[in-house]
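Engineer: Coordinates only, no sequence provided:
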């Protein structure tokens, strides 16, 4: 009888823990507005005219070791490999670098130079033509994952030819304890999960921008387009194995009319919405051939299969002369999906 | 039988204990990524004539993620446009706007204009702040059809259908009207509170609360190109506790999530020269906009707080300053602490490094209103008429308590 009572108490205790876990599950803090332990920068570019400035900040009052990975996957070869480097940030230290230049360790940088400040470590430049992502993980002095939730980051993509800038916040995944092991499990036990659903407000491809047409020199024929860049939460940075999946989406225009479809993604993908076979009708204005969206604003809900995704959107507003201004922003998120990041 | 009762008692105890222990953890939060019940756009600019330098308008987007049924948003435009002391017709953001026209000092002012927006399920809605949306411009506002057998009759209300069959209006935007920004040029903010909708509409604390999200694109027209700058509106989640007497308590255990205790801004110091082009003409700058979380819309009393700034450079050196946030604060960083930007602690020449971190904490609110702050930043490359990009500030911790009083 005593054994039976003990088993009851054990069962109750276990159920309480489960209940508590279910409750805590609802209060995810990962996102683009709070410091975290894994920083994911979905869009980093270095093309002939565009370059990227990375900013990473330690918001804590103790030293923070960071292991970072440039993820390059634009060639469609199936390889999703990474180049890694390490940073050490002192308390509250901000740091920055241009990806085309990287950052040297040079204590003789004079006051006010771009490299002035405590050098966080040797940061390699990315090669010309680079398109990919950056992932940074908090580690301890031995390089083992160590969650402190002290990191935040920003990306500025700038066009050196016309000075255009676009900026977004890195997505920060929070650790749920310290002393994690490799691989990093984004499963609400080691780290919080990734978003299970992404929501995007956008203007369909080919929509006109009334502000450009009313106030600018372009008179008519302005053109809005939207680029979506996605980074999977399933990353094998050790073997460079590509993760594949499908994003199903549903688009609502202002008449509440739904349009749905799907498109594939890899570990890192970027697509011009409304300009691919899978998205032509659903993300394109009726002003263009094949377009179905009859209003100049719409909402899209993206649901990845299998694993979580983080993403950033960049909208481009072109005038009649074809001169483009861009704006980047983080997507809204909901739900949760698991992921795994395997470090070398 | 007794053992069954005991078991049920234990399960109930377990569930209650779980809820009590973890209620604090599961509380609502402020966010720029998730749908919420209060949505705040801290910065809206309208300047169609370019009186402040560059023709500008703001596209505002508000969407419902509710999968079924309408949701209502009760919104407040906060007009923070000042006017010059020697010429009341000249609108200003700061004294610089007046001194350029020899119109004296900029006298700050504050007023609010409220309106309702009804959103159907999953509906995105957008408008330009300069225009608003008038009757006839909303996507779903009729005319509708009468119920059978009078389907051929068009209607807007039940009274317009014969034999009392009623008007089949389904879900629509009827009841919505969005005024244009109250003046041009205009600088201000927008706050929308999710209501239940229907005839007894109240601040929504039902199971389908936290269904609104928004973003803004500030579009400036430079000489040669459009300059869009986009940011996500800040959301404050509802906790489920009913609102009493139109007083929205933003606090742990209140009706809505607390405002952030600290806002963190990562920036490049003002005046830093671009390292690639290395030409003084291409310099970085950052504009910061802060609004108080608290507002008394009943007595038209704006929130007021002191923003304390802690600034860290890449040498781990720390500077600090503070400024009063009265209704709305909008300034380039290097004019926060001085009128001479080159001597500012936000200047690259003073800080000595490119990157900086600024931690902003609101203190000293006027009771019963609190001292929480919300904000957004705009990074600028290349001087005043330069391309720019907006971005949300990071958040940390919780402010003590804030209050929004509805009319």
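Structural biologist: In hand now; what should we look at? All values derive from a computational prediction rather than experimental measurement.
Engineer: Check the burial of the nearest residue to residue A:296 once chain neighbours are set aside by counting its neighbours.
Structural biologist: Of all residues beyond its chain neighbours, the one nearest residue A:296 is residue A:207 (4.4 Å), with distances taken as C-beta to C-beta, 6 or more residues apart in numbering or on different chains. Where C-beta positions appear, they are placed from N, C-alpha and C, glycine not excepted. Residue neighbour count, defined by other C-beta atoms under 10 Å in any protein chain shown, stands at 26 for residue A:207.
Engineer: so residue A:57 bridges to which residues?
Structural biologist: With beta bridges defined as DSSP bridges, residue A:57 has these partners: residue A:94, residue A:152.
Engineer: Tell me the confidence at it?
Structural biologist: pLDDT, residue A:57: 96.
Engineer: doesn't residue B:356 make contact with it?
Structural biologist: No: here residue A:57 lies out of contact with residue B:356, judged by C-beta atoms under 8 Å, at a distance of 9.0 Å.
Engineer: what do these two both touch?
Structural biologist: With contacts defined as C-beta atoms under 8 Å, 6 or more residues apart in numbering or on different chains, the residues shared by residue A:57 and residue B:356 are A:94, B:266.
Engineer: List phi and psi for the closest residue to residue A:175 other than its chain neighbours.
Structural biologist: Leaving aside its sequence neighbours, residue A:175 sits nearest to residue A:147 (C-beta to C-beta, 6+ apart; 2.3 Å). Note on residue A:147: its backbone torsions stand at phi -80, psi 120 [degrees, to the nearest 10].
Engineer: ok, now which ones touch residue A:147?
Structural biologist: Residue A:147 neighbours (C-beta under 8 Å, 6+ apart): A:37, A:138, A:174-180, A:190-191.
Engineer: ditto for residue A:157
Structural biologist: Residue A:157 sits next to A:43, A:45, A:50-52, A:165-167, A:314, A:326, A:328 when contact means C-beta under 8 Å, 6+ apart.
Engineer: Please apply the same query to residue A:37.
Structural biologist: Going by C-beta under 8 Å, 6+ apart, residue A:37 touches A:137-138, A:147-151, A:172-175, A:191.
Engineer: with these in mind, which one is nearest to chain B?
Structural biologist: Set against chain B, the nearest of the contacts of residue A:37 by C-beta to the nearest C-beta is residue A:172 (8.4 Å).
Engineer: pLDDT and secondary structure for the contacts of residue A:37 - can I get that in JSON lines?
Structural biologist: As requested, the contacts of residue A:37 are exported to JSON lines (pLDDT from 0 to 100; DSSP: H, G, I helix; E, B strand; the rest coil):
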{"residue": "A:137", "pLDDT": "96", "secondary structure": "strand"}
{"residue": "A:138", "pLDDT": "95", "secondary structure": "strand"}
{"residue": "A:147", "pLDDT": "92", "secondary structure": "coil"}
{"residue": "A:148", "pLDDT": "92", "secondary structure": "coil"}
{"residue": "A:149", "pLDDT": "93", "secondary structure": "coil"}
{"residue": "A:150", "pLDDT": "94", "secondary structure": "coil"}
{"residue": "A:151", "pLDDT": "96", "secondary structure": "strand"}
{"residue": "A:172", "pLDDT": "96", "secondary structure": "strand"}
{"residue": "A:173", "pLDDT": "95", "secondary structure": "strand"}
{"residue": "A:174", "pLDDT": "94", "secondary structure": "coil"}
{"residue": "A:175", "pLDDT": "94", "secondary structure": "strand"}
{"residue": "A:191", "pLDDT": "94", "secondary structure": "strand"}
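Engineer: Buried ones among these?
Structural biologist: A:137-138, A:147-151, A:172-175, A:191 (16 or more other C-beta atoms under 10 Å in any protein chain shown).
Engineer: which two in the residues you listed are spaced the farthest apart?
Structural biologist: Comparing all pairs in these by C-beta to C-beta, the longest separation belongs to A:150 and A:191, at 14.3 Å.
Engineer: The residue of chain A found nearest chain B: neighbour count?
Structural biologist: Residue nearest to chain B within chain A: residue A:117 (2.3 Å; C-beta to the nearest C-beta). Number of residues near residue A:117 (other C-beta under 10 Å) recorded here: 26.
Engineer: give the contact list for it.
Structural biologist: By C-beta under 8 Å, 6+ apart, the residues touching residue A:117 are A:93, A:95, A:109, B:313-315, B:352-355.
Engineer: Mark which of the residues you listed are buried, thanks.
Structural biologist: Buried subset of the contacts of residue A:117 (neighbour count, 16+ other C-beta under 10 Å): A:93, A:95, A:109, B:313-314, B:352-355.
Engineer: tell me the SS of the closest residue in space to residue A:31 that isn't next to it in sequence?
Structural biologist: Excluding its sequence neighbours, the residue lying closest to residue A:31 (C-beta to C-beta, 6+ apart) is residue B:33, at 4.1 Å. Look at residue B:33: counting by DSSP: H, G, I helix; E, B strand; the rest coil, its state is coil.
Engineer: distance of residue B:33 from residue A:199?
Structural biologist: Using C-beta to C-beta, to the nearest Å, we find residue B:33 at a distance of 9 Å from residue A:199.
Engineer: Run a quick check on residue A:313 versus residue A:228, I expect a contact.
Structural biologist: Yes: applying C-beta under 8 Å, one finds residue A:313 in contact with residue A:228, separated by 5.4 Å.
Engineer: Show me whatever sits in contact with both of those two.
Structural biologist: Common contact partners of residue A:313 and residue A:228 (C-beta under 8 Å, 6+ apart): residue A:200.
Engineer: Neighbour count for those two, which is higher?
Structural biologist: A direct count of neighbours by other C-beta under 10 Å for residue A:313 and residue A:228 places residue A:228 higher, at 27 against 24.
Engineer: Which strand residues bridge that one?
Structural biologist: Listed beta-bridge partners, residue A:228: residue A:271, residue A:313 (assigned using DSSP bridges).
Engineer: Follow the chain on from the host helix or strand of residue A:269 and name the next helix or strand.
Structural biologist: Assigned by DSSP states H and E, residue A:269 belongs to strand A:268-273. Reading on from strand A:268-273 to the C-terminus, the next helix or strand found by DSSP H and E is helix A:280-283.
Engineer: hmm, that following helix in reach of chain B?
Structural biologist: No: Helix A:280-283 does not reach chain B (C-beta under 8 Å from any C-beta of the partner chain); its nearest approach is 13.2 Å.
Engineer: does the residue of chain B found nearest chain A count as helix, strand or coil?
Structural biologist: When scored by C-beta to the nearest C-beta, chain B has residue B:314 as its residue closest to chain A, at 2.3 Å. State at residue B:314, reduced to three classes by three-state DSSP: coil.
Engineer: Where does the closest residue to it other than its chain neighbours sit, in terms of helix or strand?
Structural biologist: Distances taken as C-beta to C-beta, 6+ apart place residue A:117 nearest to residue B:314, at 2.3 Å, with adjacent residues excluded. Assigned by DSSP H and E, residue A:117 belongs to neither a helix nor a strand.
Engineer: which residues does residue A:264 contact?
Structural biologist: With contact taken as C-beta under 8 Å, 6+ apart, residue A:264 is in contact with A:244-247, A:278.
Engineer: Out of these, name the two that are farthest from one another.
Structural biologist: Put simply, by C-beta to C-beta the two of these set farthest apart are A:244 and A:278, 14.7 Å from each other.
Engineer: Would you work out how far apart the start and end of stretch A:191-198 are?
Structural biologist: One end of stretch A:191-198 to the other measures 19 Å (C-alpha to C-alpha, to the nearest Å).
Engineer: Which positions within it qualify as buried?
Structural biologist: Residues A:191-198 are the ones in stretch A:191-198 that count as buried (16+ other C-beta under 10 Å).
Engineer: I'd guessed residue B:109 sits against residue B:80; true?
Structural biologist: Yes: here residue B:109 reaches residue B:80: they are 7.5 Å apart, a contact under C-beta under 8 Å.
Engineer: got the phi/psi numbers for residue B:58?
Structural biologist: Residue B:58 adopts backbone torsions of phi -120, psi 130, taken as degrees, to the nearest 10.
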